[in-house]
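Colleague: have a look; sequence and predicted model below, questions after that.
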Amino acid sequence: MRKWIVAGNWKMHNTIGESVALARAIKEGLSGPTNGEVVVAPPFTALAAVGDTLKGSAVALAAQNMYCEDKGAFTGEISPVMLKDAGCAYVILGHSERRKYFSETDQSVNAKVKKALAAGLKPIVCVGETDEERVQGVTQSVVDRQVRGALAGIEKLDDVVIAYEPVWAIGTGKVATSAQAEEVHAFIRDLIGELYGSLSKGIRILYGGSVTKDNIAELAAMEDIDGALVGGASLKPDGFLGIVAKMT
Ligand code: 13P
């Protein structure tokens, strides 16, 4: 049985105070033990404070990005060592917004995945096609390239999580149907099976893109969907806890 994950990507939202308040509400609102993991990814400035707030709770901390070196003259960047120090267990890598606005490539994502794993962070690797690519019918080849690219040279998959986030579904309210999402999730699991054999059965593949408490149950019921990476709906305790509640 794969343990599900519900991860909240707060993107560029929330001051330190707002982040701590949201983290506290999530921590206090969780009821009882679950057979999954709850993760929040605040902005860099709030990581340490949220990490302190979450200490001893069942909620894990994630960063939204990192650089692929431990330290050095890389003005403006944050290293995996710093993320570990702030209390992170996970790091989101290759989000489509980073690919689009900050020129992330399959190569840079791959370098970061390697470095994250070496530092003991679990990467949540994002892949997904644009609207144009789906219309052109090249969804599978895009996702194939992104998954192969991100995982090139990586032997152990135990700590790797994949997030399928169709770009057209992010922040648009246009959620993929459970059938559309499952088709790509199954494709990704087959591809990983081709690359890694039976390890593909254990890897968690999350869906992201306009997930809410009203659509998560149908998505999560699918065979190859192991949870969600949530943007907008993760910014309010009720929205996020409502999603978690549907998983338990
Ligand atoms: P929304 O849930 O706001 O569509 O964002 C999804 C996302 O990008 C999570 O990483």
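Modeller: Happy to help now that I have it.
Colleague: quick check: phi and psi on the residue of the chain found nearest the ligand?
Modeller: With CB to the nearest ligand atom, the shortest gap between the chain and the ligand falls at G231, namely 2.3 Å. Bear in mind the C-beta positions are built from the backbone N, C-alpha and C, glycine included. Backbone torsions for G231, taken as degrees, to the nearest 10, come to phi -100, psi -100.
Colleague: once you drop chain neighbours, what's closest to it?
Modeller: Distances taken as CB to CB, 6 or more residues apart in numbering place N9 nearest to G231, at 5.3 Å, with adjacent residues excluded.
Colleague: which residues sit in contact with that neighbour?
Modeller: A41, A62, Q64, I92, H95, G208, L229, V230, G231, S234 (CB atoms under 8 Å, 6 or more residues apart in numbering).
Colleague: same list (those residues) but as CSV, adding secondary structure, pLDDT and neighbour count.
Modeller: Listed next are these as CSV, based on DSSP: H, G, I helix; E, B strand; the rest coil; pLDDT from 0 to 100; neighbours: other CB atoms under 10 Å:
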residue, secondary structure, pLDDT, neighbour count
A41, strand, 99, 27
A62, strand, 98, 26
Q64, coil, 98, 21
I92, strand, 99, 24
H95, coil, 98, 28
G208, strand, 98, 26
L229, strand, 98, 28
V230, strand, 98, 29
G231, coil, 98, 22
S234, helix, 98, 27
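Colleague: closest one to S178 out of the residues you listed, please.
Modeller: For the contacts of N9, the minimum distance to S178 (CB to CB) is 13.9 Å, reached by G208.
Colleague: the closest one and M12, how far apart?
Modeller: To M12, G208 is 16 Å away according to CB to CB, to the nearest Å.
Colleague: swap in L229?
Modeller: For L229 relative to M12 (CB to CB), the value is 16 Å.
Colleague: again, but for D85
Modeller: Distance from D85 to M12, by CB to CB: 22 Å.
Colleague: of those two, who's got more company?
Modeller: A count of neighbours by other CB atoms under 10 Å puts D85 above the other of D85 and M12, at 12 against 8.
Colleague: next, that one: phi, psi?
Modeller: According to degrees, to the nearest 10, D85 has phi -60, psi -30.
Colleague: quick one: secondary structure of the residue sitting nearest the centre point of the chain?
Modeller: Closest residue to the average C-alpha location of the chain: I124 at 4.3 Å, with CA atoms, centre = their mean. Under DSSP: H, G, I helix; E, B strand; the rest coil, the three-state class of I124 is strand.
Colleague: C88 is in contact with that one, correct?
Modeller: No: using CB atoms under 8 Å, I124 makes no contact with C88, being 11.2 Å away.
Colleague: shared neighbours, the two?
Modeller: A62.
Colleague: and the residue nearest to the centre of the chain, how far from A163?
Modeller: In terms of CB to CB, I124 sits 5 Å off from A163.
Colleague: I am finished for the moment; much appreciated.
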